[in-house]
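Asker: show me how the following folds:
(one chain, ligands or ions: 2)
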Amino acid sequence: MGFELREIHKHFGSVRANNGVNLSVASGELHGLLGENGAGKSTLMKVLSGFHQKTSGEILVDGESIDLRSPADAIEHGIGMLHQDPLVFLPFTVLDNFLIGSPGPERLNRRAAARELATLADRFGFSFDPDTPTRRLTVGERQQLEILRLLWLGARVLILDEPTTGISAPQRLKLFATLKELAAEGMSVVFVSHKLEEVEEICERVTIIRAGTVVGERDLPCPAAELVELMFGGEVEIGERPVVGLGPPRLTVSDLTVRDRMLSVEGFNLEVAEGEVIGFAGLEGSGQRIVLDALSGLRSANGGTITVNGRDLTKVGYRGYLDGGVQFLPAGRLEEGLVAGLTLTEHFVLSSRSGAFLIDWEGALAETVEGIAEYSVKGTPDSTAESLSGGNQQRLLLAMLQDNLEVLLMEHPTRGLDIESAAWVWEQLLRRREDGTAIVFASADLDELLEYSDRILVFFAGGVLAEVDARTSSVDELGHLIGGKVTS
Ligand SMILES: Nc1ncnc2c1ncn2[C@@H]1O[C@H](COP(=O)(O)OP(=O)(O)OP(=O)(O)O)[C@@H](O)[C@H]1O
Ligand SMILES: [Mg+2]
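Answerer: Ligands and ions are numbered 1, 2, ... in the order given. Predicted structure coming up:
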């Protein structure tokens, strides 16, 4: 069917998130939307999908002007959006989530819906147990479920906001194949991203927005340098990686066993030196997340020991790890790290380690102002977490990390950040190595793993399949290992 946006304005108070945007996407077209953090991409797509009311402008579907007052209105016009942080109702099961928004009696017929879900899933090579609680699903699986739900509700325009951050490489391939198939059937697909190579891989045409307005539209392929210039208004400089000598062991893990309902990791060993950076590679659900959970005290170990600077932390619990200088930055921003509705200052209060009975609001405000400045978060101390753009939410999480950490654990640390921000964030993170902080991070981005780790552990089916030197390994080698293939 195709749609057209004419002169869309969306203002939040004095913030002009969209400032007269024009965009049209035909039926069967895979269209990319590029722009740096805070450019206004998510806002525009939320206007198109009924989550935000436009301040002014016009939305046309099939050449007809429509008025959208809610996401339900939008889906009735065939417009569905997959959010940057998948909006799944976590306490419920897969089937409950699939049924959300479905009209009338079908809602009651759970068996028919379960069959429908299975058929749709089958078509795209996904698989779901309808009775699994959705909180057990990986980010990639939540996304697959959300796509199926939107298709079931009749979406003909599908919007995906940063869909590849936090999903594994095979899940990404599957997603891309699905999108191509949907476009071939006449669906209009909008793919929002900062990752040029992904947009180049699947889109035919791309629109670039900067500071709320369209600064260019190009057919693909188009030289990457030209797109980067349009996105940032200049060339991007990527800093050099500082060289830090490795010190004595900071984190020692011996014979760790952790079990989850689905998976267990047995006999895991790791020694991380002061200032060392260890990358965890692997498909989602291969064991890296439950090991990170155990190393941060979020999940108790079923066996083995975890020591930091020679102190045994195995049984101290989450608070004990925090007190021991171990902090974990998880991947799901709004569900694990940030609280919707709370302001930035309130977040700093929550994250402060003072343990005092009375809240020091003045101190917290000062800390917030400092954090905002240091991490260039686009927002004010009174902004709520959900009013920040995705990239700025990630910056907020990074700004809230304690100083002088002994061990910093992270999952997809630059998820949702544009290239310039990601390079800058890593510069800040690596600077912590000068204090001897040991860093362990999991990422789905092979380039990121190779670029910033010293050593990379590749997880496969709950075990460490291989350990490689990041300086001599390659995307190719890692890709094979992640799939469980050991060559040579
Ligand atoms: N609900 C809101 N209230 C106030 N300001 C908002 C709200 N939502 C977005 N903004 C502001 O609008 C601007 C554009 O944000 P938007 O989320 O559209 O950016 P984006 O291009 O998606 O960025 P990112 O790549 O970081 O996700 C930002 O300055 C953001 O803080
Ligand atoms: Mg966004």
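
Asker: these two touch, right, residue 444 and residue 195?
Answerer: No - judged on C-beta atoms under 8 Å, residue 444 makes no contact with residue 195 at a distance of 11.8 Å. All C-beta atoms are positioned from the backbone trio N, CA, C, and that covers glycine.

Asker: who has more neighbours, these two?
Answerer: Set side by side, residue 444 and residue 195 show more neighbours around residue 444, with 26 against 17, by other C-beta atoms under 10 Å.

Asker: need the nearest residue in space to that one, chain neighbours excluded.
Answerer: On the basis of C-beta to C-beta, 6 or more residues apart in numbering, the spatially nearest residue to residue 444 that is not a chain neighbour turns out to be residue 168, at 5.1 Å.

Asker: how many residues are close by that neighbour?
Answerer: With neighbours defined by other C-beta under 10 Å, the count for residue 168 comes to 20.

Asker: I'd say it and residue 288 touch.
Answerer: No - applying C-beta under 8 Å, one finds residue 168 not in contact with residue 288, separated by 10.5 Å.

Asker: okay, and the common contacts of these two?
Answerer: With contacts taken as C-beta atoms under 8 Å, 6 or more residues apart in numbering, the residues that reach both residue 168 and residue 288 are residue 282.

Asker: would residue 283 count as being in a strand?
Answerer: No - following the definition DSSP: H, G, I helix; E, B strand; the rest coil, residue 283 is coil and is not counted among the residues of a strand.

Asker: contact partners for it?
Answerer: Remark: with contacts taken as C-beta under 8 Å, 6+ apart, residue 283 is in contact with 168-171, 459-460, 482-483.

Asker: next: residue 153.
Answerer: Shown here is residue 153, whose contacts under the criterion C-beta under 8 Å, 6+ apart are 75, 80, 101-102.

Asker: of those, grab the buried ones for PyMOL.
Answerer: With 16 or more other C-beta atoms under 10 Å as the burial test, the buried ones among the contacts of residue 153 are selected in PyMOL as follows:
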select buried, resi 75+80+102
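
Asker: the contacts of residue 153 into TSV, with extra columns for distance to ligand 2?
Answerer: Putting those into TSV (distance: C-beta to the ion, whole Å) gives the following:
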residue	distance to ligand 2
75	20
80	17
101	22
102	27
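
Asker: filter the contacts of residue 153 down to the ones in helices?
Answerer: Counting by DSSP state H, those place residue 75 in helices.

Asker: which of the contacts of residue 153 fall within strands?
Answerer: Filtering those for membership in strands, criterion DSSP state E, returns residue 80.

Asker: what is the burial count for the residue of the stretch 301-450 of the chain found nearest ligand 2?
Answerer: Going by C-beta to the ion, ligand 2 is nearest to residue 390 of the stretch 301-450 of the chain, at 3.9 Å. Taking other C-beta under 10 Å as the neighbour definition, residue 390 ends up with a count of 24.

Asker: interface residues of this structure facing ligand 2?
Answerer: Residues of the chain found near ligand 2, taking C-beta under 5 Å from the ion as the criterion, are 42, 84, 389-390.

Asker: let's have those residues in TSV, adding secondary structure and pLDDT.
Answerer: Supplementary listing: the residues of the chain next to ligand 2 in TSV, determined by DSSP: H, G, I helix; E, B strand; the rest coil; pLDDT from 0 to 100:
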residue	secondary structure	pLDDT
42	helix	94
84	coil	76
389	coil	86
390	helix	82
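
Asker: so how do I select the buried members of the residues you listed in ChimeraX?
Answerer: Applying 16+ other C-beta under 10 Å to the residues of the chain next to ligand 2, the buried members can be selected in ChimeraX as follows:
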select :42,84,389,390
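
Asker: tell me which two of the residues of the chain next to ligand 2 sit farthest apart.
Answerer: When the residues of the chain next to ligand 2 are compared pair by pair using C-beta to C-beta, the farthest-apart members prove to be 84 and 389, with a separation of 8.7 Å.

Asker: any idea of the pLDDT on residue 336?
Answerer: According to the model's per-residue confidence, residue 336 sits at a pLDDT of 67.

Asker: go on, residue 333?
Answerer: Looking at residue 333, its pLDDT stands at 64.

Asker: over to residue 453?
Answerer: pLDDT, the model's per-residue confidence, is 94 for residue 453.

Asker: ok, and the closest non-adjacent residue to it?
Answerer: Taking C-beta to C-beta, 6+ apart as the measure, residue 453 lies nearest to residue 279, with 3.3 Å between them; neighbours along the chain are not counted.

Asker: can you show me the CA trace of the helix or strand containing that neighbour as CSV?
Answerer: Under the criterion DSSP states H and E, the helix or strand holding residue 279 is strand 277-281. What follows is strand 277-281, C-alpha atoms only, in CSV (Å, rounded to 0.1, in the frame of the first residue of the first chain):
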residue,chain,number,x,y,z
VAL,A,277,39.2,-6.7,28.5
ILE,A,278,37.5,-10.0,27.9
GLY,A,279,34.9,-10.4,25.2
PHE,A,280,32.2,-13.1,25.4
ALA,A,281,31.0,-14.2,21.9
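
Asker: what residues of the stretch of helix or strand residue 121 belongs to count as buried?
Answerer: When secondary structure is defined by DSSP H and E, residue 121 falls within helix 110-123. By neighbour count on 16+ other C-beta under 10 Å, the buried set for helix 110-123 is 113-114, 116-118, 120-121.
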